[in-house]
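# Let's see this in three dimensions:
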Amino acid sequence: MSNWYVRPAGGSYGDEDGTSYADAWDGLLNVVWGTGGVIAGDTLYICGFHLHNMTTFSTSYCRLYPPTGTDESHRVTIRGDYPGDPGIVWGAYLMNYDSWASEGSNVYSIVLPADQGDEDYYFEDITSSSWTVLAKKASLAECQSTAGSYYSPDYKNGSKLYVHCSDNGLPTGRISLPWFGWSCNCRNVAYHTYLNLKYYAYSWLGDAVDYSHHMKWDGCTSWYGKYAMITLYDNCNYFDVRNCDIGWAGNGIYNISNTDNGAPDNYIFKDNYIHDIGITNFNRNNDEHGIGIQGGHDGLIEGNHLQRCGNSILLYAFTDQELRNTIVRYNWVEDAHLPQDASESIGISTQCNTDSLSDKSGNQFYYNIVVGNPGPGFRFQFEDEQLVYNNVAINCDRSFVSERSSGTIGPHIKARNNISYNPTHYHVEYDSSDADTECDYDYNIYYPIGTNTFVHNSQEKTFAQWKSEMSCDSHSLESNPLFVNGSGVFDYDTDVKIQPDSPAKDAGTGVGLAEDYFGNSVPYNLIPDIGVHEYSGEGLSISAGAGSYLIVGPNLSLEKTGVSPKIQLKHMAIRQ
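Numbers count the residues shown, from 1 in each chain. This next block holds a predicted model:
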């Protein structure tokens, strides 16, 4: 197993045989794949800044073809974390294949030699650390009147592209377009790892991946895409995407299936920051998912931070498509926006065709936070039981929604230990008249309680009516959960921790979970808490007799000020 190295094109790197940083290959195009170069089990360090200078136009000049790995011990690893020279790769290309013609009013034009997308990002002055995203305009006149913009009648081969630089200067050597810069083949391969690599302007990280498996992306940055930054199609199984920064596209991660039961399975999407999805006017659609799932099974969506998405996390099943054994946990969703032509956005959701009766069992949703959603914080449609435990919905239009607009079976929900806080309209909306529907809510907290803050089949209900007519929530509370941030502004996930005197403490019920959102053991006391925070006395000062004490850790270790040794208490709840 060997390490290989590549540095930006045009340098002078010793023997340039790739065997060391000093003797690195001169540019990505000179990397040797296979015999005499990178083979299964090897690691390639991409070092430095790579932006293809297109002096002669080609649509395929910059594609890389790493060989497939063979097993976990023989992965092909491509990484961008060489000390002092991190790898930065652009899928855009620098337009130097022709000269620019003046069109007046600081606008210049160039003829497009191939179709370009009108839903993509165009850039000015890309360097390793900065660039300008140009604004798309609808006419030449608008481009002429707006510095930092571009326009084309149809973005087709032979059409003109007009550019007005942000400083009113010449565009020569400054403008980059997507599509035909550096890209990497991720189709029909296996056991690749992409580690700590930055890639911009098109989907190095798995665009339209087919029939690949056991692929990993860890610590990568991928910004600026069209439909989705990571699109996984049928038979793309055992994918692992974690610790990545994914943004500025129509969708973030999207599992797409063209078959009933060939969708990606056994995937892990963990600890990613997914943001600014469907934000720009030219990059909007009716989905705009941070994470979108169509079918499949045995997926884990955990610990992700989703910000400024449309529909943030969606699980969808078509008519005969299974979608089972998927766990959605420890995610933080905030600042969602309305998808294009949509009346609402959804934080975390299951949806399906109304005639879908395929296997949708084993799906669980716990310890998730949804803040400020202009639609339901949580929405569920599946007829198989969905376990909804210890979630928090704050400042959403409606906190928890369950519905099946038609079909023969309604949604089945088992909801425990959840908090609905300050919804614009309703705490729970349950719209289904099917005889075998199941609305099993209990041990939750709702705050505040208004006159009619619950809904069943479009009929508003008081809390008392809701509990009586639905035979649920008999142990639930209508109380202020006393989050540590009581200002109403929730900028951090830690804002939803509870105070020492919160009514959520010791008010829940056991549901078999072992660890809360913040890593505390559950239950800390004998009775679990409601919400995402299992209060463990952190930061609580107490007085006992003549001494003052401070709880110094989640193991309930009490330290008397100025006195040694520590006093250890186990299996005991401490109260102020």
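# And stretch 354-366, end to end?
When the termini of stretch 354-366 are compared using Cα to Cα, to the nearest Å, they are 25 Å apart.
# and what of stretch 222-229?
Termini of stretch 222-229 sit 7 Å apart (Cα to Cα).
# got the contact list for that stretch?
92, 117, 119-121, 133, 178, 199-205, 207, 230, 244-254, 283, 285, 292 (Cβ atoms under 8 Å, 6 or more residues apart in numbering). Bear in mind the C-beta positions are built from the backbone N, C-alpha and C, glycine included.
# So how do I select the buried members of these in ChimeraX?
The following ChimeraX line selects those of those that are buried, judged by 16 or more other Cβ atoms under 10 Å:
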select :92,117,119,120,121,133,178,199,200,201,202,203,204,205,207,230,244,246,247,248,249,250,251,252,253,254,283,285,292
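# Filter the contacts of stretch 222-229 down to the ones in strands?
Among the contacts of stretch 222-229, DSSP state E puts 92, 133, 199-200, 230, 245-249, 253-254, 292 in strands.
# Which single one of these is nearest to Ile279?
Closest approach to Ile279 among the ones in strands among the contacts of stretch 222-229 (Cβ to Cβ): Trp248, at 7.1 Å.
# I'd like to check which residues are in contact with the closest one.
Trp248 neighbours (Cβ under 8 Å, 6+ apart): Tyr121, Trp223, Tyr224, Gly225, Asp276, Ile277, Ile279, Thr280, Asn283.
# The fifth one contacts Arg308, correct?
Yes. With contacts counted by Cβ atoms under 8 Å, Asp276 reaches Arg308, the gap being 5.0 Å.
# how's this structure carved up into domains?
97-172, 538-576 (automatic domain parsing).
# Now the weakest link among those domains, please, by mean pLDDT.
Of all these, mean pLDDT reaches its minimum on domain 538-576 (a mean of 40).
# Please name the spatially closest residue to Asp17 (chain neighbours excluded).
Excluding the flanking residues, the one nearest Asp17 by Cβ to Cβ, 6 or more residues apart in numbering is Asp23, at 5.5 Å.
# Let me know the pLDDT of Asp431.
For Asp431, pLDDT reads 83.
# and the closest residue to it other than its chain neighbours, what is it in contact with?
If the residues on either side of it in the chain are set aside, Asp431 comes closest to Glu403, at 4.1 Å by Cβ to Cβ, 6+ apart. Counting by Cβ under 8 Å, 6+ apart, Glu403 makes contact with Arg379, Gln381, Pro411, Glu429, Tyr430, Asp431, Ser432.
# distance of Glu403 from Asn363?
16 Å (Cβ to Cβ, to the nearest Å).
# same deal with Tyr155?
Remark: distance between Tyr155 and Asn363 (Cβ to Cβ) = 41 Å.
# One more: Leu482?
31 Å.
# The two: who's more crowded?
Asn363 (23 against 16; other Cβ atoms under 10 Å).
# wait, the more buried one sits on Leu315?
Yes. Counting by Cβ under 8 Å, Leu315 is a contact partner of Asn363 at 6.9 Å.
# State the number of residues packed around the nearest residue to Thr453 once chain neighbours are set aside.
Nearest residue to Thr453, sequence neighbours excluded (Cβ to Cβ, 6+ apart): His427, at 5.1 Å. His427 sits with 31 neighbouring residues when counted by other Cβ under 10 Å.
# What residues does His427 make contact with?
Arg398, Ser399, Phe400, Ser420, Tyr446, Ile449, Thr453, Phe454.
# Which strand or helix spans it?
Under the criterion of DSSP states H and E, His427 resides in strand 426-431.
# That strand pairs with which strands, and in what direction?
Using DSSP bridges, the strands paired with strand 426-431 are strand 398-403 (parallel), strand 454-456 (parallel).
# and for the lengthiest helix in the chain, what are the contacting residues?
Identified as the longest helix of the chain according to DSSP state H is helix 463-470. Residues outside helix 463-470 that contact it (Cβ under 8 Å, 6+ apart) are 428, 430, 439, 441, 446, 449, 453-454, 456, 461, 472-474, 476, 478.
# then stretch 316-336 to PDB, C-alphas only?
Provided in PDB are the C-alpha atoms of stretch 316-336 (Å, rounded to 0.1, in the frame of the first residue of the first chain):
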ATOM      1  CA  TYR A 316     -40.800   9.000   0.700                       C
ATOM      2  CA  ALA A 317     -42.200   5.700  -0.500                       C
ATOM      3  CA  PHE A 318     -43.900   5.200  -3.800                       C
ATOM      4  CA  THR A 319     -46.800   2.800  -4.400                       C
ATOM      5  CA  ASP A 320     -45.000  -0.500  -4.200                       C
ATOM      6  CA  GLN A 321     -41.800   0.800  -2.700                       C
ATOM      7  CA  GLU A 322     -40.500  -0.400   0.700                       C
ATOM      8  CA  LEU A 323     -39.000   2.100   3.100                       C
ATOM      9  CA  ARG A 324     -38.100   0.400   6.400                       C
ATOM     10  CA  ASN A 325     -35.800   0.300   9.400                       C
ATOM     11  CA  THR A 326     -34.600   3.900   9.000                       C
ATOM     12  CA  ILE A 327     -33.400   5.800  12.100                       C
ATOM     13  CA  VAL A 328     -33.500   9.600  12.100                       C
ATOM     14  CA  ARG A 329     -31.900  10.900  15.300                       C
ATOM     15  CA  TYR A 330     -29.900  13.700  16.900                       C
ATOM     16  CA  ASN A 331     -30.500  16.100  14.000                       C
ATOM     17  CA  TRP A 332     -30.900  19.900  14.300                       C
ATOM     18  CA  VAL A 333     -33.100  21.600  11.700                       C
ATOM     19  CA  GLU A 334     -33.400  25.400  11.700                       C
ATOM     20  CA  ASP A 335     -34.200  28.400   9.500                       C
ATOM     21  CA  ALA A 336     -36.100  26.500   6.800                       C
END
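# mean confidence score for that stretch?
In this model, stretch 316-336 has an average pLDDT of 96.
# Could you do stretch 72-88 as well?
Rounded mean pLDDT across stretch 72-88 is 98.
# Could you do stretch 191-201 as well?
Stretch 191-201 comes out at a mean pLDDT of 96.
# same deal with stretch 244-260?
pLDDT averaged over stretch 244-260 gives 90.
# quick thing: my sequence starts at 29, can you match it?
Sure thing, new numbering starts at 29, so read that last one as stretch 272-288.
# Ends of that stretch, what's the gap?
Taking Cα to Cα as the criterion, the two ends of stretch 272-288 lie 30 Å apart.
# try stretch 391-409
Stretch 391-409 end-to-end distance (Cα to Cα) = 12 Å.
# Just the buried residues of it, please?
391-409.
# if we can go back for a sec, I'd like the next helix or strand past the strand holding His455.
Helices and strands here follow DSSP H and E; after strand 454-459, the next one along the chain is strand 466-470.
# do you know how far the residue nearest to Asp459 is from Ala129?
With distances taken as Cβ to Cβ, Glu431 is found 57 Å from Ala129.
# And Tyr395, by the same measure?
58 Å.
# top of the contacts of Glu431 by neighbour count?
Gln409 (27 neighbours).
# Which residues are in contact with that one?
So Gln409 contacts Ser377, Thr378, Gln379, Cys380, Ser430, Glu431, Arg432, Pro439 (Cβ under 8 Å, 6+ apart).
# Now Cys137: closest residue in space that isn't a chain neighbour?
Check again: residue 137 is Ser, not Cys. Using Cβ to Cβ, 6+ apart, the closest residue to Ser137 is Lys188 (4.4 Å).
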